[in-house]
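Student: Sequence isn't available, so here's the structure alone:
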């Protein structure tokens with residue numbers, strides 16, 4: 001259900017700009033204007049955490065002047081073995097929904113651009129981290145404790161992102177965008193803790209007492225990425 005909704009949103013954002021001009025004249029709509037509707041669709045090529053081609057995003061907005069534009073965006077991201085904190089890692093599938101502001105410094109064939117976006121990343125899956133194990137011996141060979149920790153995440157969180165790069169005009173209002181970006185975001189869920197108390201009884205039989213506790217957990221993480229996309 002979530003995948004179908006995401007596909008509908010992306011298709012809607014891609015199609016809406018076609019209604020910005022005369023429906024019977026795509027050529028007229030392709031003429032670059034100082035103000036009007038625009039779309040920017042980009043693909044994440046590589047990230048600082050080793051992910052390649054891990055997602056895409058599309059932004060539908062309005063150009064307030066030749067340099068400044070504002071819009072709404074949505075996308076899909078997939079991170080495998082994403083480090084969250086300490087040694088905990090998880091596989092995350094995220095749906096970012098955000099507000100985007102972008103500034104193009106000059107109106108030339110090659111123009112520097114910067115963008116900032118703020119929004120919320122919806123967690124589409126419910127991942128669990130690996131188990132972290134540690135053992136403490138109270139009395140060697142007689143009594144010891146073994147601890148198991150792991151996290152289960154069930155929701156995303158707000159995020160802040162920024163991008164800087166270049167816009168290269170290809171044909172009329174069609175452009176190629178190459179940017180480096182940074183994103184700071186979080187996921188939340190439950191920290192699970194188990195404590196196994198072992199006691200060696202006479203005759204070699206071990207008596208085990210198990211304790212379990214659960215508490216709220218939030219992991220704040222970040223990533224750098226390189227994105228290539230098209231604008232029109």
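Tutor: Looks like it arrived, so ask away. Worth saying up front: this structure is predicted, and the values here are computed from it rather than measured.

Student: For this structure, give me the ranges with low pLDDT.
Tutor: 1-32, 86, 203-205 (pLDDT under 70).

Student: sec struct for residue 108, please.
Tutor: Recorded secondary structure, residue 108: coil (DSSP: H, G, I helix; E, B strand; the rest coil).

Student: same deal with residue 49?
Tutor: The three-state assignment at residue 49 reads coil, by three-state DSSP.

Student: Now do the strands in the protein.
Tutor: Ranges of strands in the chain, per DSSP state E, are 36-47, 52-63, 68-85, 88-104, 110-123, 132-139, 143-155, 157-171, 174-200, 206-231.

Student: Columns mean neighbour count on top of those, output as JSON lines?
Tutor: For the C-beta atoms, the positions are set from N, CA and C on the backbone; glycine is no exception. Rendered in JSON lines, the data for these read as follows (neighbours: other C-beta atoms under 10 Å):
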{"stretch": "strand 36-47", "mean neighbour count": "19"}
{"stretch": "strand 52-63", "mean neighbour count": "19"}
{"stretch": "strand 68-85", "mean neighbour count": "19"}
{"stretch": "strand 88-104", "mean neighbour count": "19"}
{"stretch": "strand 110-123", "mean neighbour count": "17"}
{"stretch": "strand 132-139", "mean neighbour count": "11"}
{"stretch": "strand 143-155", "mean neighbour count": "16"}
{"stretch": "strand 157-171", "mean neighbour count": "16"}
{"stretch": "strand 174-200", "mean neighbour count": "17"}
{"stretch": "strand 206-231", "mean neighbour count": "14"}
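
Student: Over to the closest residue to residue 107 other than its chain neighbours: give its phi and psi.
Tutor: The shortest distance from residue 107 to any non-neighbouring residue, by C-beta to C-beta, 6 or more residues apart in numbering, is to residue 66 (5.0 Å). Backbone torsions of residue 66, given as degrees, to the nearest 10, read phi -60, psi -30.

Student: so residue 66 touches residue 34, yeah?
Tutor: Yes. With contact defined as C-beta atoms under 8 Å, residue 66 reaches residue 34; the gap is 4.7 Å.

Student: neighbour-wise, which of those two wins?
Tutor: Taking other C-beta atoms under 10 Å, residue 66 and residue 34 do not tie; residue 66 has more neighbours (14 against 10).

Student: Now do that one against residue 58, distance only.
Tutor: 22 Å (C-beta to C-beta, to the nearest Å).

Student: Show me the beta-bridge partners of the residue lying closest to residue 136 once chain neighbours are set aside.
Tutor: Using C-beta to C-beta, 6+ apart and skipping residues adjacent in sequence, the residue nearest residue 136 is residue 145, 4.9 Å away. Under DSSP bridges, the beta-bridge partners of residue 145 are residue 136, residue 197.

Student: Contact partners for residue 145?
Tutor: By C-beta atoms under 8 Å, 6 or more residues apart in numbering, the contact list for residue 145 reads 135-136, 138, 195-198.

Student: Rebuild those as TSV, extending it with distance to residue 83.
Tutor: Output for the contacts of residue 145, formatted as TSV (distance: C-beta to C-beta, whole Å):
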residue	distance to residue 83
135	24
136	26
138	33
195	26
196	27
197	31
198	32
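
Student: tell me which of the residues you listed is nearest to residue 149?
Tutor: Here the nearest of those to residue 149, counting by C-beta to C-beta, is residue 195; it sits at 10.0 Å.
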